[in-house]
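> no sequence on hand, only this structure:
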């Protein structure tokens, strides 16, 4: 085994040696020329013309302000009061100065201030210490013809607001009968009651009024 390995190694080395010496003989191309050293050409400097410079103009200086001394006069003249024109004798009242007063109201009857409207009072509801007023004027409700033909009867309940003098100012329906409501409101609006007092002062009140409609038998 070692003899075979040695023989192969000798043959390989011999082939390499032969190739080194035989290969140049069969070469057909020229060898590349050796590189030449780089040469630098001299650069001639270019002369630049001088740049003209504009001379700097000096800025004008501001003139200095000349100060003048202020001299105080040695003496000041006394203040002279303005002359007051003479008042004609017919404008001077006895005991007066003759100078008209400024900012005073002209003499005459004082202007009366407009009367202030009385404060509005909210109506109180009848009940408890508030006793119901007494009716002193009565207008009978007119039975509507349509209700008569329909044989409509019943009681309409209203809420009436009375002023301090007992007059009816507002009426609204609490329990309605459609054919009889308008007749009941029109009649109650014309009623009148005694004034209602609270601590001795008349006050507006709210009370419930019933109007009964019944057909004759």
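Great, that's in hand. Just so we're clear, the structure is a prediction, and the values are computed from it rather than from any experiment.

> longest helix in this structure, please.
Longest helix in the chain, counting residues (DSSP state H): helix 2-22.

> mind listing what's buried in it?
By 16 or more other CB atoms under 10 Å, helix 2-22 has no buried positions at all. To be clear about C-beta, it is placed using only N, CA and C from the backbone, and glycine gets the same treatment.

> for residue 155, the count of nearby residues, please.
Other residues within reach of residue 155, judged by other CB atoms under 10 Å, total 13.

> still on that earlier bit, quick one: contacts of the longest helix of the chain?
With CB atoms under 8 Å, 6 or more residues apart in numbering as the contact definition, helix 2-22 has no outside contacts at all.

> pLDDT of that helix, averaged?
For helix 2-22, mean pLDDT rounds to 78.

> after that helix comes which helix or strand?
Of the helices and strands lying after helix 2-22 in sequence (DSSP states H and E), the nearest is strand 124-125.

> partners of the following helix or strand past that following strand in the sheet?
Using DSSP H and E, the helix or strand that follows strand 124-125 towards the C-terminus is strand 135-137. Strand 135-137 sits in its sheet next to strand 192-193 (antiparallel), going by DSSP bridges.

> for the following helix or strand past the partner strand, buried residues please.
Sequence order places strand 196-198 as the next helix or strand after strand 192-193, per DSSP H and E. Using 16+ other CB under 10 Å as the test for burial, strand 196-198 gives residue 196.

> and strand 196-198, what other elements does it pack with?
Counting contacts by 3 or more CB pairs under 8 Å, 6 or more residues apart in numbering; DSSP states H and E, strand 196-198 is packed against strand 201-203.

> so what does residue 206 have for phi and psi?
phi -120, psi 130 (degrees, to the nearest 10).

> likewise for residue 172?
Residue 172 adopts backbone torsions of phi -140, psi 150, taken as degrees, to the nearest 10.

> contacts only, for it.
Taking CB under 8 Å, 6+ apart, one finds 158, 159 in contact with residue 172.

> how close does it get to residue 203?
Distance from residue 172 to residue 203, counting by CB to CB, to the nearest Å: 20 Å.

> same thing with residue 171?
19 Å.

> check residue 176 too.
From residue 176 to residue 203 the distance is 29 Å (CB to CB).

> neighbour count winner among these two?
Higher neighbour count among residue 176 and residue 203: residue 203, with 17 against 13, using other CB under 10 Å.

> just the pLDDT at the more buried one, thanks.
On the pLDDT scale, residue 203 gets 94.

> report the beta-bridge partners for it.
residue 196.

> what's near enough to touch it?
Applying CB under 8 Å, 6+ apart, we find residue 203 in contact with 121, 123, 124, 164, 196, 197.

> that concludes my questions; thank you for your assistance.
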